[in-house]
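Asker: this one's structure only:
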């Protein structure tokens, strides 16, 4: 792991933080410091905006934000504009197009299909400071060292290059040379960077993740076509990485995975669904948050099919409890004490 500097994170008094420290209800009962972890997902990152809006509506401000790829961009905007990130993110996402982010016909070099000039323009228009240390909330962008495969935790220095590195999808966008390393998209090694949050000293984690790879997978055998087989294998690989990391962290601290409620995801290049993703994720995450109950380390998330929850659900866990609980018949929340 390349730890590119480390700013100290201020901690709240021991025990549970803001809000009612005895009931365990809601995000304000989570132990501090709380890290918001924002996963990768490309165009699907619009769902982050909806989930973030649900958090903002409930007055929640994290102690640190850690993001990978598009999650790093969304996370940096949230870190720059605490309490008012939702309108900034909505402004960015509802005006995006494929040509703006991935312009064809202007390759930066033989190292990538697309230039990063579209991403640079997007970063420049997001109201961000020039350096990571100037963000209002401590922030880390996760990239991968192309030489060793180690995660690079970028928490100081130039912000633009950190975001470009974290989003540099290998082969699609050019690698970024930074402080002696050649860096690419952090999603390769940490699609949902919860391990980085644990290492940074988080006492609890709130996870914003998107896409089918972040949901329970059905045991489906794809059509016997090369593209379908490759897509299924990639989905399984990413899903197992995410689950491994979530369960490892949940052994130590409360790990809350916020649902999006989205059943049909758009194509990777299709930015035309952003408003649908934002509004669906906001409603679903809000209902989940209103019924959240945390009682210790464990994994708290909706286990039912996406979009099935029509009322608040409750997650609870105890050191000897692994059974899922549910407050309605259409969805369940598992509190897994690991």
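Answerer: Looks like it arrived, so ask away. Here the structure is a predicted model, which is why all the values come from computation and not from measurement.
Asker: low-confidence ranges, the stretch 51-200 of the chain, go.
Answerer: Within the stretch 51-200 of the chain, the ranges that satisfy pLDDT under 70 run 96-109.
Asker: got phi/psi on residue 62?
Answerer: Main-chain dihedrals, residue 62, degrees, to the nearest 10: phi -80, psi 170.
Asker: kindly indicate whether the residue nearest to it when sequence neighbours are not counted is helix, strand or coil.
Answerer: In space, and not counting its chain neighbours, residue 62 is closest to residue 36: 4.1 Å by CB to CB, 6 or more residues apart in numbering. For glycine as for every other residue, the C-beta is placed from the backbone atoms N, C-alpha and C. Following DSSP: H, G, I helix; E, B strand; the rest coil, the label given to residue 36 is strand.
Asker: okay, now residue 83: neighbour count?
Answerer: The number of residues packed near residue 83 is 11, by other CB atoms under 10 Å.
Asker: now swap in the one 10 residues further on and tell me
Answerer: Here the count is done by other CB under 10 Å, and residue 93 has 22 residues near it.
Asker: hang on, the earlier thing: can you pull the contacts of the residue nearest to residue 62?
Answerer: Residues counted as contacts of residue 36 (CB atoms under 8 Å, 6 or more residues apart in numbering) are 55, 62, 64-66, 75, 78, 205-208.
Asker: do you know how far it is from residue 55?
Answerer: Here residue 36 is placed at a distance of 8 Å from residue 55 (CB to CB, to the nearest Å).
Asker: with residue 46 instead?
Answerer: Look at residue 46 and residue 55: by CB to CB, they are 15 Å apart.
Asker: helix, strand or coil for the residue with the largest distance to the centre of the chain?
Answerer: Note on the chain: the largest C-alpha distance from the chain mean falls to residue 224, namely 32.4 Å (CA atoms, centre = their mean). Here residue 224 is recorded as coil under three-state DSSP.
Asker: buried residues, the helix or strand residue 52 falls within. List them.
Answerer: Element membership of residue 52, judged by DSSP states H and E, is helix 46-57. Buried residues in helix 46-57, defined by neighbour count with 16 or more other CB atoms under 10 Å: 46-56.
Asker: ok, now stretch 242-261?
Answerer: In stretch 242-261, counting by 16+ other CB under 10 Å, buried: 242-243, 245-246, 249-250, 253-261.
Asker: which of these lies closest to residue 129?
Answerer: If you rank these by distance to residue 129 using CB to CB, residue 258 comes first, at 26.9 Å.
Asker: so what's residue 189 up against?
Answerer: Contacts of residue 189 (CB under 8 Å, 6+ apart): 142, 144, 149-151.
Asker: so what's the residue count around residue 135?
Answerer: Neighbour tally, residue 135, other CB under 10 Å: 21.
Asker: how about it, what does it touch?
Answerer: In this structure, residue 135 makes contact with 76, 79-80, 128-129, 159, judged by CB under 8 Å, 6+ apart.
Asker: tell me the one of those residues nearest residue 25?
Answerer: residue 79 (26.3 Å).
Asker: picking up where we left off before, which among the buried residues of stretch 242-261 gets closest to residue 179?
Answerer: residue 245 (25.3 Å).
Asker: need phi/psi at the closest one.
Answerer: Phi and psi for residue 245, reported as degrees, to the nearest 10, are phi -70, psi -40.
Asker: what segments of the stretch 151-300 of the chain are helices?
Answerer: 159-166, 194-199, 226-250, 274-290 (DSSP state H, counting those that start in this stretch).
Asker: tabulate the ones you listed in JSON lines, adding columns for distance to residue 112.
Answerer: What follows is those, written out as JSON lines (distance: least, CB to CB, whole Å):
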{"stretch": "helix 159-166", "distance to residue 112": "11"}
{"stretch": "helix 194-199", "distance to residue 112": "25"}
{"stretch": "helix 226-250", "distance to residue 112": "19"}
{"stretch": "helix 274-290", "distance to residue 112": "24"}
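Asker: single out the most deeply packed of the ones you listed.
Answerer: helix 159-166 (a mean of 26; mean count of other CB atoms under 10 Å).
Asker: what residues does that helix touch?
Answerer: Residues contacting helix 159-166 (CB under 8 Å, 6+ apart): 67-69, 72-73, 76, 116, 119-120, 123-124, 128-132, 134-135, 141-143, 152, 154, 173, 175-176, 178, 183-186.
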